[in-house]
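Asker: What would the 3D arrangement of this be:
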Amino acid sequence: MDARADMAEAGSATLPVTVRVWDPFIRIFHWSLVALFAFAFVTGDEWDKPHEIAGYTIAGLIALRVIWGFVGTKHARFTDFVAGPGKVAGYLKDAIALRAKRYLGHNPAGGAMVLALIAAISAICATGYMMETNMFWGVDWVEEVHEFAANATLILIVLHIGGVIFASMEHGENLVRAMVTGKKRV
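Answerer: Numbering: from 1, shown residues only. Purely as a prediction, here's the structure:
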């Protein structure tokens, strides 16, 4: 792509219109996780081996994402977007009032959602693995936690999609496109 397509003229100076926010790993991770979670969810009771393979692949993706959260690019790092409960609550209050600050990376609510999704999906992976071991084979509570975590993750996904739509409308930008291209407006 021509670098000039990402620039706009402002008097005699050329200013960037967009900037790369999401690196290729984050984008591939995100969309792979979307596809694999959907596949694992629909195959859970019907197609054991592909379900397990999807689960192990998801576990690997989550492990890589956690590592990338410490060593990755600026906006992928947890230090860039993890905020305390007070800041998340304040952001949500401002968002409801349609006066939330725009963030180039994740906003505080988005950061909290990343952590919640990582935790919920990790619980699914851990209990899924446990169900395949001799120690936990046929143990009801492990299967119940596995199913609960999967259903809780669905609720988080619905909230995530709603938050993306809401923030896209509030700030006049297409966040889904940003997760495809990696770029957001400055």
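Asker: Without its sequence neighbours, what residue ends up closest to the residue positioned nearest the centre of the chain?
Answerer: Nearest to the mean C-alpha position of the chain, by C-alpha atoms, centre = their mean, lies V114 at 4.9 Å. Take V114 and drop its neighbours on the chain: the residue closest to it by C-beta to C-beta, 6 or more residues apart in numbering is H106, 6.4 Å away. For the C-beta atoms, the positions are set from N, CA and C on the backbone; glycine is no exception.
Asker: Got the confidence number for A3?
Answerer: We have a pLDDT of 44 for A3.
Asker: wait, I meant P108
Answerer: In this prediction, P108 has a pLDDT value of 96.
Asker: if I read this right, it contacts P85, doesn't it?
Answerer: No: checked against C-beta atoms under 8 Å, the pair P108 and P85 is beyond contact range at 9.4 Å.
Asker: All the helices of the chain, in order from the start?
Answerer: With DSSP state H as the definition, the chain shows helices at residue ranges 24-43, 48-71, 78-81, 85-96, 108-130, 140-171, 175-181.
Asker: Pull out the buried positions in the fifth one.
Answerer: Along helix 108-130, these residues count as buried under the neighbour rule (16 or more other C-beta atoms under 10 Å): 108-114, 116-118, 120-125, 127-130.
Asker: Show residues contacting it.
Answerer: Under the contact criterion C-beta atoms under 8 Å, 6 or more residues apart in numbering, helix 108-130 has outside partners 33, 37, 52, 55-56, 58-59, 62, 65-66, 78, 81-83, 87-88, 90-92, 95, 103, 106, 136, 139, 142-143, 145-146, 149-150, 152-153, 156-157, 159-160, 163, 167.
Asker: remind me which residues of the chain are low pLDDT?
Answerer: Residue ranges of the chain with pLDDT under 70: 1-16.
Asker: mind checking the backbone torsions on the residue nearest to V114?
Answerer: Backbone geometry at H106, expressed as degrees, to the nearest 10, gives phi -70, psi 140.
Asker: Show the contacting residues for it.
Answerer: Contact partners of H106, counting by C-beta under 8 Å, 6+ apart, are 75, 80-81, 114.
Asker: got JSON lines for those, with distance to W22 too?
Answerer: Putting the contacts of H106 into JSON lines (distance: C-beta to C-beta, whole Å) gives the following:
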{"residue": "H75", "distance to W22": "7"}
{"residue": "D80", "distance to W22": "12"}
{"residue": "F81", "distance to W22": "12"}
{"residue": "V114", "distance to W22": "12"}
